[in-house]
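>>> Give me coordinates for this.
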Amino acid sequence: MEYTVIVNKVPKGFYVGQCGQIPEAVSQGETLDELLKNMKSCIKEALLLRKEDVKTRYSGQKILRRKVALT
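The predicted model follows:
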């Protein structure tokens, strides 16, 4: 899976990034490489938290999952 990271270099000289598809995934780094490494960890953690939230929210309920393709 690939995600888009919006990168901003701030006046203090470091980079700040936010994932376009997962707005709560925000991180920073002193270099662009460090930022991207930090973003990978941040995105993984955000996805785990989302998964746990879904489990908690729908606990005890019968739910169906279906994939939807956008064309």
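
>>> For Val16, list each beta-bridge partner.
Judged by DSSP bridges, the bridge partners of Val16 are Asn8, Gln28.

>>> and it, how many neighbours does it have?
15 (other CB atoms under 10 Å). For every residue, glycine as well, the C-beta is placed using N, CA and C.

>>> is it true that Ile43 touches Cys19?
Yes - using CB atoms under 8 Å, Ile43 is in contact with Cys19, at 5.5 Å.

>>> what do the two both touch?
Common contact partners of Ile43 and Cys19 (CB atoms under 8 Å, 6 or more residues apart in numbering): 3, 25.

>>> Distance from the helix-or-strand element of the chain with minimal mean pLDDT to the middle of the chain?
Lowest mean confidence among the helices and strands of the chain (mean pLDDT, DSSP states H and E): helix 32-57, at a mean of 93. Relative to its chain's centre, helix 32-57 lies at 5 Å (CA atoms, centre = their mean, to the nearest Å).

>>> again with stretch 48-62
Offset of stretch 48-62 from its chain centre (CA atoms, centre = their mean): 18 Å.

>>> now swap in stretch 48-68 and tell me
With CA atoms, centre = their mean as the basis, stretch 48-68 stands 18 Å off its chain's centre.

>>> swap in stretch 17-28?
5 Å.

>>> Return the mean pLDDT over that stretch, rounded to an integer.
In this model, stretch 17-28 has a mean pLDDT of 96.

>>> Glu10 and Gly29 touch, don't they?
Rather than Glu, residue 10 is Val. No - using CB under 8 Å, Val10 makes no contact with Gly29, being 11.2 Å away.

>>> Which of the two has more residues huddled nearby?
Neighbours were counted for Val10 and for Gly29 using other CB under 10 Å; Gly29 has more, 17 against 9.

>>> show me the contacts for the more buried one.
Gly29 neighbours (CB under 8 Å, 6+ apart): 14-15, 17, 35-38.

>>> Distance of the most centrally placed residue in the chain relative to Glu34?
Centroid-nearest residue in the chain: Ile43, 3.2 Å away (criterion: CA atoms, centre = their mean). Distance, Ile43 to Glu34, using CB to CB, to the nearest Å: 15 Å.
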